[in-house]
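Engineer: Take this sequence and fold it.
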Amino acid sequence: MTQPAKLLLIDAQNDFCDTPADLRPVMGEAMVDGRRVPLREAPALAVAGAHLDMLRMAGFIADAGPYLEHIVATLDAHPFVAIERTTFWRAADGSEVAPFTEITARSVLAGTYTPVGPDRIDPASGQRLLDRVVELLGRLEQAGRFRLMAWPVHCVTATWGAALHPAIAQALNAWERASHNPVHKVHKGEYALAEHYGVFEAETPLAEVASTRFNTALADELRCALLFIGGEASSHCVARSYDQLVAHRGTGAGIVLLSDCMSPVAGFEPAHAAFLDRARAAGSLLMTASEARNLLRPRAG
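Structural biologist: Numbering: from 1, shown residues only. Purely as a prediction, here's the structure:
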């Protein structure tokens, strides 16, 4: 008999994958130097190495599928205009802020950056948007993990970028067919005023917004002898999901990180390395997809 094993797959979505152009859907055509060339979808926040990560992850799901009793796949699911993206902010001259701009409560109070429609009311709190944003940025900074980054617009709900990488989608469909169990797909990031890296809770959990608070039911759903974790990006959403789960459990024992099924956002390699160090210290294992398959197979009896 196998010990119960599950998979937590983090944000295996098109917008995070550096998928080669010839594998991306054609949107139309354009004239370039007098000839027609296809216009293809393009990932908004491609992580270098993610396409190959997802091919390895798809292979792991296919090979390890008989030993996986449950799969949870998280999905970034954002509005087009939200606090952690460029469309939400204007610089002092009225222009949209550049991608990867860091925004603090102090810079908003100084007028360096202003949310669009600052006088509208946030329905969740009843506050003026500008006041609400300053409050939430202050909470984020007090937590000491992140300052707000204005990311390129990505994973807008119901767009190509928010959909699963095609190899992952195919592997999950095959697993459902073979196991007769549904993959549990969990959206995160739907509240427009909270950054939501980890799947279990937002970076600023709010009593008045249920989707931002810790998802105890999901954490309990993932209890098992062996939990495999992989996805994108290791520097942000994978790391925070792992940290949140380990804080809830009090240990990282029983968790296996699929080390060749995740990669960091460019420039955040030190965060990736620090995450792996934390995982080892917490008692988790790091394995390649191939090593993890071999870990499972001998358990069959």
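Engineer: Now do the strands in the protein.
Structural biologist: For the chain, the strands defined by DSSP state E occupy 5-10, 26-32, 35-40, 68-76, 89-91, 101-103, 113-115, 148-150, 184-188, 226-231, 255-258, 285-287.
Engineer: now the second one against strand 35-40, angle please.
Structural biologist: The reference is to strand 26-32. 150 degrees (axes from the mean of the first three to the mean of the last three CA atoms, to 10 degrees).
Engineer: circling back: I'd like the strands of the chain as TSV, with mean neighbour count appended.
Structural biologist: Placement of C-beta: from N, CA and C, glycine included. What follows is the strands of the chain, written out as TSV (neighbours: other CB atoms under 10 Å):
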stretch	mean neighbour count
strand 5-10	26
strand 26-32	10
strand 35-40	12
strand 68-76	21
strand 89-91	19
strand 101-103	17
strand 113-115	21
strand 148-150	20
strand 184-188	18
strand 226-231	25
strand 255-258	23
strand 285-287	17
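Engineer: Would you format those as CSV with distance to G267 and mean pLDDT included?
Structural biologist: Formatted as CSV, the strands of the chain follow (distance: least, CB to CB, whole Å; pLDDT from 0 to 100):
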stretch, distance to G267, mean pLDDT
strand 5-10, 19, 98
strand 26-32, 29, 81
strand 35-40, 26, 84
strand 68-76, 19, 97
strand 89-91, 20, 97
strand 101-103, 12, 97
strand 113-115, 21, 97
strand 148-150, 11, 96
strand 184-188, 23, 98
strand 226-231, 19, 98
strand 255-258, 21, 98
strand 285-287, 22, 98
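Engineer: need the contact list for P43.
Structural biologist: By CB atoms under 8 Å, 6 or more residues apart in numbering, the residues touching P43 are N14, D15, F16, C17, D18, T19, H154, G161.
Engineer: Residue most distant from the centroid, the protein?
Structural biologist: What lies farthest from the middle of the chain is G34; by CA atoms, centre = their mean that is 40.7 Å.
Engineer: quick one: that one from G28, how far?
Structural biologist: 17 Å (CB to CB, to the nearest Å).
Engineer: ok, I255 - contacts?
Structural biologist: L227, F228, I229, Y242, L245, V246, A279, A282, G283, S284, L285.
Engineer: The fifth one against A219, yeah?
Structural biologist: Yes. Counting by CB atoms under 8 Å, L245 sits close enough to A219 to count as a contact (6.0 Å).
Engineer: Those two - which one has more neighbours?
Structural biologist: L245 (20 against 17; other CB atoms under 10 Å).
Engineer: For the more buried one, report the pLDDT, please.
Structural biologist: pLDDT, L245: 98.
Engineer: 851 is where my numbering starts, stick with that
Structural biologist: Got it, first residue is 851 now, which makes that one L1095.
Engineer: Helices of the chain, residue ranges please.
Structural biologist: 900-914, 955-959, 979-993, 1016-1029, 1066-1071, 1087-1099, 1119-1131, 1139-1146 (DSSP state H).
Engineer: beta partners for L1014?
Structural biologist: For L1014, the beta-bridge partners are Q863 (DSSP bridges).
Engineer: I911 versus that one, what's the distance?
Structural biologist: Remark: distance between L1014 and I911 (CB to CB) = 12 Å.
Engineer: which residues do these two both contact?
Structural biologist: Common neighbours of L1014 and I911 (CB under 8 Å, 6+ apart) are L1022.
Engineer: out of those two, which sits in the more crowded spot?
Structural biologist: I911 (25 against 22).
Engineer: Low-confidence bits of the protein, can you list those?
Structural biologist: 851-853, 1148-1151 (pLDDT under 70).
Engineer: hang on, the earlier thing: any residues in contact with both of L1095 and A1069?
Structural biologist: F1050.
Engineer: ok, back up a step: CSV for the strands of the chain, including distance to A932?
Structural biologist: Listed next are the strands of the chain as CSV, based on distance: least, CB to CB, whole Å:
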stretch, distance to A932
strand 855-860, 19
strand 876-882, 24
strand 885-890, 26
strand 918-926, 11
strand 939-941, 10
strand 951-953, 13
strand 963-965, 10
strand 998-1000, 10
strand 1034-1038, 12
strand 1076-1081, 21
strand 1105-1108, 29
strand 1135-1137, 33
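Engineer: hang on, the earlier thing: H1030: which of the contacts of P893 is nearest?
Structural biologist: Nearest to H1030 among these is N864, at 27.6 Å by CB to CB.
Engineer: Could you report the neighbour count for the closest one?
Structural biologist: Considering only other CB under 10 Å, N864 is surrounded by 28 other residues.
Engineer: P893 versus that one, what's the distance?
Structural biologist: 6 Å.
Engineer: Many thanks, we can stop here.
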